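In: 3D, please:
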Amino acid sequence: MSYGFNIIVEADYALFTRPEMKVERVSYDVPTVSALEGLIKSVYWKPAIRFVIDRIVVFNPIKFINIRRNELKSKLPVSAVRSQMKGVGDAVIYADEQRTQRAGMVLRDVKYGIAFHFEMTGNKSDHDDESEEKHYNIMLRRLKNGQCFRQPCMGCREFSVRSIELVEKFDLESVDESLKGDTDLGYMLYGLCFEDGGKPVNGDWNDPRFSDKADAVYYRPHMIDGVIDVNKYREGCLC
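Out: The predicted model follows:
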């Protein structure tokens, strides 16, 4: 039995940030693999599985828009939250003191097809029924019902996904004419390879502590008639 899925995702805006742009945010032309993995994890995720992107289909023409947004220069430290839980101090951040404006070059009117599957990681929970079929049925039900445990987004959290549709196969005839042919997308971020391998360094899933050390992994994909065959490049990108 195949445990893969095909979904179509649409959004008004998307931002898959190029890391070489130091200050202002500029998006890649197409989604990064790691951003789509995060999107799928917003629907369903367990330590026992990991999602693998197989293909990315770009349906709409690639269009950009320049915007300016208010952002915060810092975030609330976890240590402050833990201290407040113990009755010490206040876990607060004052937006007026931290606010800054940043320009962004973002994608608009995006529609992507994502073909993906999941693999077992070997990390077991307290339950004994960690089977592929169990996770497949849960993911299938959540996709059919439009369920998620946090709002899926297109790269940045403020750019929410408008719709996620589960399909049997992609209609490649609906790919925009401007995307036909062989397009070299240049060097792109594939994802981050974390030192801890996705497992808590303290070995406790109830109170996990992860390592922040990671290496960036890049690849150079080609988009053929709107389709990026991620499988073709994965061999050189595995951590």
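
In: Now residue 178: phi and psi?
Out: Main-chain dihedrals, residue 178, degrees, to the nearest 10: phi -70, psi -10.

In: which residues sit in contact with the nearest residue to it once chain neighbours are set aside?
Out: Spatial nearest neighbour of residue 178, excluding adjacent residues (CB to CB, 6 or more residues apart in numbering): residue 61 at 4.7 Å. All C-beta spots, glycine's among them, are computed from the backbone N, C-alpha and C. Residue 61 sits next to 176, 178, 179 when contact means CB atoms under 8 Å, 6 or more residues apart in numbering.

In: in what helix or strand does residue 218 lie?
Out: Assigned by DSSP states H and E, residue 218 belongs to strand 214-219.

In: and the following helix or strand past that strand, what other elements does it pack with?
Out: Next helix or strand after strand 214-219 toward the C-terminus (DSSP H and E): strand 222-224. Contact here means 3 or more CB pairs under 8 Å, 6 or more residues apart in numbering; DSSP states H and E; on that basis strand 222-224 packs against strand 182-184.

In: Output the contacting helices and strands for the strand it packs on.
Out: Using 3+ CB pairs under 8 Å, 6+ apart: strand 182-184 touches strand 222-224.

In: what comes into contact with the strand it packs on?
Out: 30, 58, 179, 181, 182, 183, 184, 185, 228.

In: swap the cut-off to 10 Å and go again
Out: With CB atoms under 10 Å, 6 or more residues apart in numbering as the test, strand 222-224 has contacts from 29-30, 56-58, 62, 179-186, 228-229, 232-233.
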